[in-house]
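K.L.:
Structural data only, the sequence is not supplied:
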């Protein structure tokens with residue numbers, strides 16, 4: 001004859017426990033504890049309960065003891081949890097001050113969890129403070145500081161050309177995009193499909209490199225472009241000739257360009273002497289952001305070069321020129337703005353309208 005169960009239930013208590021088991025709105029742990037007591041009342045062994053509920057024998061003993069002591073009230077959880085941290089101005093200041101110090105473990109920046117563990121607070125508290133202050137320790141922004149002693153004068157000259165160009169003159173921004181690789185994938189490209197990105201094989205084959213000369217007309221947004229094997233001074237002078245030929249004879253041309261050595265050779269000086277209507281305006285050192293054609297280079301890099309498949313250097317050249325041709329169908333000039341020229345750069349004409 002099997003032993004009598006230690007847990008004996010009255011009808012109302014059994015009905016209350018069965019209601020907890022069937023409930024779809026109460027906590028799952030409450031239903032689990034109710035099922036445990038019902039199994040004990042039905043004479044189930046500890047081993048059967050442990051296997052049926054996927055719990056430990058300690059779990060069974062704990063809730064059996066509490067039920068025998070306090071009936072249904074003993075099945076309430078007694079863990080009060082951690083004391084909530086209130087985001088006070090003092091706590092916010094402490095988090096922000098700690099964020100600006102380097103972690104002691106040698107890493108370069110904090111994460112929310114790492115800082116929360118260091119300060120003994122919730123990582124969500126750290127997250128809220130960072131969000132309110134606009135702090136992103138995981139991100140950085142790089143910059144290039146110009147060491148040109150004539151930075152202000154050169155920058156004012158270039159910005160003046162953009163905002164207040166000379167009448168009856170053309171302004172071009174010129175630069176070279178060098179070492180463009182004609183990369184061909186060894187494996188076929190798998191096209192994108194719903195829920196799946198376009199996939200490129202990891203291995204590739206190099207067919208060589210080309211350089212691209214580009215001149216952006218700041219008034220119209222049109223681009224003149226030529227691909228060359230090398231970007232020598234002779235190639236640059238030849239491209240200057242292309243720019244001159246694109247405008248009406250005798251028209252004044254202003255060209256914004258950087259300080260590359262091939263832009264300042266004797267051959268270039270001879271070209272300028274032969275074409276007195278052409279004027280070169282050099283940007284300050286390490287100030288490529290002042291040259292508008294760099295914006296266009298960024299666009300062609302994203303649209304064509306970064307993910308392009310090129311079977312040869314000739315294929316690369318054809319695709320670049322096709323891209324330029326399509327760009328010139330509906331070109332858009334870059335709207336150059338400068339919030340306050342008097343703040344950093346002086347020398348711009350007072351007639352310039354700054355937006």
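P.N.:
Alright, I've got the coordinates. Remember, predicted model here, so these are calculated numbers, not experimental data. Numbering: from 1, shown residues only.
K.L.:
Where does pLDDT dip in the stretch 251-355 of the chain?
P.N.:
The model of the stretch 251-355 of the chain has pLDDT under 70 over residues 338-355.
K.L.:
try the stretch 1-150 of the chain
P.N.:
1-5, 79-85.
K.L.:
Now with 80, please.
P.N.:
1-6, 77-86 (pLDDT under 80).
K.L.:
Tell me the spacing between the residue minimising distance to the centre of the chain and residue 131.
P.N.:
Closest residue to the average C-alpha location of the chain: residue 139 at 8.7 Å, with CA atoms, centre = their mean. Separation of residue 139 from residue 131 (CB to CB, to the nearest Å): 13 Å. Bear in mind the C-beta positions are built from the backbone N, C-alpha and C, glycine included.
K.L.:
Which pLDDT value does the model give the closest residue to residue 301 other than its chain neighbours?
P.N.:
Spatial nearest neighbour of residue 301, excluding adjacent residues (CB to CB, 6 or more residues apart in numbering): residue 177 at 8.0 Å. Note on residue 177: pLDDT of 94.
K.L.:
contacting residues around residue 177?
P.N.:
211-212, 214, 297, 300-301 (CB atoms under 8 Å, 6 or more residues apart in numbering).
K.L.:
Over to it. Which of the three states is it?
P.N.:
strand (DSSP: H, G, I helix; E, B strand; the rest coil).
K.L.:
roughly how far apart are it and residue 297?
P.N.:
Distance from residue 177 to residue 297, by CB to CB: 5 Å.
K.L.:
which residues are common contacts for the two?
P.N.:
By CB under 8 Å, 6+ apart, the residues touching both residue 177 and residue 297 are residue 214.
K.L.:
Look up the residues forming beta bridges with the closest residue to residue 281 other than its chain neighbours.
P.N.:
Excluding the flanking residues, the one nearest residue 281 by CB to CB, 6+ apart is residue 256, at 5.0 Å. With DSSP bridges applied, residue 256 shows beta-bridge pairing to residue 173, residue 281.
K.L.:
Tabulate the contacts of residue 177 in TSV, adding columns for secondary structure.
P.N.:
Shown next, in TSV, are those (three-state DSSP):
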residue	secondary structure
211	strand
212	strand
214	strand
297	helix
300	helix
301	helix
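K.L.:
In CSV, list those residues along with distance to residue 233.
P.N.:
Below are the contacts of residue 177 laid out as CSV (distance: CB to CB, whole Å):
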residue, distance to residue 233
211, 13
212, 17
214, 17
297, 21
300, 24
301, 25
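K.L.:
In three-state terms, label residue 207 for me.
P.N.:
Residue 207 ends up strand, using three-state DSSP.
K.L.:
tell me the pLDDT at it?
P.N.:
93.
K.L.:
How about the contacts made by it?
P.N.:
Per CB under 8 Å, 6+ apart, neighbours of residue 207: 182-184, 310-313, 315-316.
K.L.:
Please report the distance of it from residue 226.
P.N.:
Separation of residue 207 from residue 226 (CB to CB): 19 Å.
K.L.:
Same check on residue 303?
P.N.:
Per CB to CB, residue 303 is found 19 Å from residue 226.
K.L.:
Of those two, which one has the most company?
P.N.:
Regarding residue 303 and residue 226, a neighbour count based on other CB atoms under 10 Å identifies residue 226 as having more, with 18 against 13.
K.L.:
Show me which of the contacts of residue 207 is closest to residue 38.
P.N.:
residue 183 (68.6 Å; CB to CB).
K.L.:
Helices along the stretch 1-150 of the chain, start to end?
P.N.:
11-22, 28-41, 46-53, 57-70, 89-99, 112-119, 123-133 (DSSP state H, counting those that start in this stretch).
K.L.:
how far off helix 46-53 does the second one point, in degrees?
P.N.:
Calculated by axes from the mean of the first three to the mean of the last three CA atoms, to 10 degrees, helix 28-41 forms an angle of 150 degrees with helix 46-53.
K.L.:
Show me what helix 28-41 packs onto, helices and strands only.
P.N.:
Using 3 or more CB pairs under 8 Å, 6 or more residues apart in numbering; DSSP states H and E, the elements in contact with helix 28-41 are helix 11-22, helix 46-53, helix 57-70.
K.L.:
again with the fifth one
P.N.:
Using 3+ CB pairs under 8 Å, 6+ apart as the contact definition, the elements that helix 89-99 packs against are helix 112-119, helix 123-133.
K.L.:
So which of the contacts of residue 207 sit within strands?
P.N.:
Of the positions in the contacts of residue 207, 182-184 sit in strands, assigned by DSSP state E.
K.L.:
For those, pick the one with the most neighbours.
P.N.:
Ranked by the number of neighbours (other CB under 10 Å), the ones in strands among the contacts of residue 207 place residue 182 first, at 22 neighbours.
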